[in-house]
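Asker: next comes the sequence, and after it the predicted model I'd like to discuss.
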Amino acid sequence: MCVLIVAVGACARFQPTAPAFKASDYTLAGQEQSFTLKDKSVHYNPDLLRAGVSRNEIKTAFGEPNSSRTTDSGLIEDVYAFNPDGTKFVNPTLRARNLALGFFTMGTSVAVRQARLHLTEQKLTLFHVNYGANDTISAVTQEKLPGAPAALPPPPSGSSDPG
């Protein structure tokens with residue numbers, strides 16, 4: 001009993017420096033994005049992915065990149081992934097429900113989710129956006145994965161260029 005009290009007390013003092021989950025994960029839109037791996041509010045717009053557009057404009061239009069890195073020359077490269085329907089791909093995250101389902105289904109749900117994720121990822125179109133020293137796009141490289149469509153659809157009518 002004493003060991004249990006000490007163990008619980010030690011856990012209670014642990015304070016992570018960053019939240020494990022964002023508040024947006026629990027919104028209806030966040031839950032939908034988790035299931036569909038799509039952010040339907042963000043759409044591919046070829047007019048923005050061109051040289052001279054600022055990184056702030058890109059982040060305003062497309063949100064946070066799916067991945068980002070600093071090149072050997074010290075410049076930033078962001079990668080944005082889009083689904084065949086032009087919606088932004090949402091990176092999968094580990095959620096409590098996934099762990100619980102994996103436990104109760106003896107791993108079957110994990111295998112199904114991984115297979116679904118693999119099929120979805122094979123249809124993505126990736127855009128490698130390279131920024132110059134002035135934080136504007138210097139080059140954009142498009143990478144089509146094996147199942148990606150020949151061309152992404154234009155943004156839905158009524159959407160506007162934020163720039």
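Answerer: Nice, I can see it.
Asker: and G63, what does it touch?
Answerer: Remark: with contacts taken as Cβ atoms under 8 Å, 6 or more residues apart in numbering, G63 is in contact with D39, V42, K88. In this view, the C-beta of every residue, glycine as well, is placed from N, C-alpha and C.
Asker: how much space separates it from K88?
Answerer: Computed as Cβ to Cβ, to the nearest Å, the G63 to K88 distance reads 7 Å.
Asker: what touches both of these two?
Answerer: Counting by Cβ under 8 Å, 6+ apart, the common neighbours of G63 and K88 are D39, V42.
Asker: follow-up on the earlier one: pLDDT and secondary structure added to the contacts of G63, as JSON lines?
Answerer: Compiled in JSON lines, these are given as follows (pLDDT from 0 to 100; DSSP: H, G, I helix; E, B strand; the rest coil):
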{"residue": "D39", "pLDDT": "88", "secondary structure": "strand"}
{"residue": "V42", "pLDDT": "93", "secondary structure": "strand"}
{"residue": "K88", "pLDDT": "95", "secondary structure": "strand"}
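Asker: Throw these into TSV and include distance to R69, thanks.
Answerer: Converted to TSV, those look like this (distance: Cβ to Cβ, whole Å):
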residue	distance to R69
D39	21
V42	21
K88	19
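Asker: return the closest of those residues with respect to P146.
Answerer: Looking at these and their distance to P146, the nearest is K88, at 19.9 Å (Cβ to Cβ).
Asker: wait, that closest one touches V79, no?
Answerer: No. K88 lies out of contact with V79 (Cβ atoms under 8 Å); the separation is 11.6 Å.
Asker: show me which of the two is the more surrounded one.
Answerer: Neighbour comparison, K88 and V79: the larger count goes to K88, with 23 against 15 (by other Cβ atoms under 10 Å).
Asker: what is the neighbour count of the closest residue to the more buried one other than its chain neighbours?
Answerer: Nearest-residue entry for K88: V42, 3.9 Å, with adjacent residues in sequence omitted and distances by Cβ to Cβ, 6 or more residues apart in numbering. Other residues near V42 come to 19 when the count uses other Cβ under 10 Å.
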